[in-house]
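# I'd like to go over a predicted model; first the sequence, then the structure.
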Amino acid sequence: MSDDGAGGLGTPALEVRGLGLTIGGARILADVDLRVAPGELVGVIGPNGAGKTTLFNLISGIHRPTAGQVLLDGDDVTRTAVAARSRVGLGRTFQTSSLFPRLSVVENVRLATQRRRGGSLSVLSFPRRGDAASTEAVEHLVTVGLVHRSEVAAGDLSHGDKRKLEIAVLLAMGSSVVLLDEPMAGLGTADVPGLVRVIRDIKASGRTVMMVEHHMDVVLGLADRVAVMHHGELLICDTPDKVMADETVQTAYLGDLA
């Protein structure tokens, strides 16, 4: 199914055309068309097995589609490697942490800054504190509300703070299109509002965000539009109010939750 919500807003920051994945004769994802405008936040919802994470894997380059295209700012990156997509501004978090647990919070962000600037990826090559890259790393920690924990080992952070640190790493890598894969998964109730504020702030900074999330109240409170996946297909992508009022969505998704 195609969505029409971002079609008239110039070149989309992210677009997939006829995206599909078939493995061993089994259709995992089928003919997905989706356009995400610069600065837009699109929430992706659907029952377990609907194809949400598969969609993210194809967009980020972890898997290659068997049909269709992925475009970033109008450029076809369908056959581009994960690292190359990262270099042109696509960043992704995962359901499990990808941090360096023994490094400090600021060192994790500093490594990402070094990578983006083309420097060494060794902690041993860190220059003196106060250089431009280190200053930038601190700025990203301010953005996500972790500057006060900059010297703490990443592995000692709470689950919620780890999620914030992962976002800071993406910012340090220069990601202009950010894919968040279930950012609220495993968070305690007290941690959710803080992470919601961080996501709202990175959207307000002009970045484009796609977010897979099971917490409906979070999706409805953050998203400009909501894309509903079901059995590997895109059912609808529209404003939260229209999606929640759609009879097909109520039957295919909300009915599955009843």
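Happy to help now that I have it.
# C-alpha from now on. contacts and neighbour counts both.
Will do.
# nearest spatial neighbour of A154, skipping sequence neighbours?
Spatial nearest neighbour of A154, chain neighbours left out: P101 (4.7 Å); criterion: Cα to Cα, 6 or more residues apart in numbering.
# actually, G51.
Per Cα to Cα, 6+ apart, closest to G51 is G232, 4.7 Å.
# check H215 too.
In space, H215 is closest to M184, 7.4 Å off (Cα to Cα, 6+ apart).
# and that neighbour, backbone torsions?
Main-chain torsions, M184, degrees, to the nearest 10: phi -90, psi 0.
# ok, now which ones touch R27?
G20, L21, G232 (Cα atoms under 8 Å, 6 or more residues apart in numbering).
# could you rerun that using 10 Å?
Applying Cα atoms under 10 Å, 6 or more residues apart in numbering, we find R27 in contact with G20, L21, T66, H231, G232, E233.
# number of nearby residues for the residue nearest to H215?
23 (other Cα atoms under 10 Å).
# pretty sure it contacts D217?
No: if you go by Cα atoms under 10 Å, M184 and D217 don't touch, sitting 11.3 Å apart.
# where does the stretch 151-258 of the chain have low pLDDT?
253-258 (pLDDT under 70).
# name the SS class of the residue nearest to A154, please.
coil (DSSP: H, G, I helix; E, B strand; the rest coil).
# how close does it sit to E107?
10 Å (Cα to Cα, to the nearest Å).
# what sits closest to the residue nearest the centre of the chain if chain neighbours are left out?
Central residue of the chain (Cα atoms, centre = their mean): L179, 1.3 Å from the mean position. Residue nearest to L179 in three dimensions, not counting chain neighbours: R92, with 4.5 Å by Cα to Cα, 6+ apart.
# is it true that the one you found touches A83?
No: with contact defined as Cα under 10 Å, R92 does not reach A83; the gap is 11.3 Å.
# of those two, who's got more company?
More neighbours surround R92 than the other of R92 and A83, with 22 against 12 (other Cα under 10 Å).
# let me see the contact set for that one.
Here R92 is in contact with 56-57, 59-60, 86, 166-167, 169-170, 175, 177-181, 209-211 (Cα under 10 Å, 6+ apart).
# filter those to the buried ones?
56-57, 59-60, 86, 166-167, 169-170, 175, 177-181, 209-211 (16 or more other Cα atoms under 10 Å).
# next, find the distance separating the nearest residue to D31 once chain neighbours are set aside from V109.
Closest residue to D31 apart from its sequence neighbours, by Cα to Cα, 6+ apart: G18 at 4.1 Å. According to Cα to Cα, G18 and V109 sit 36 Å apart.
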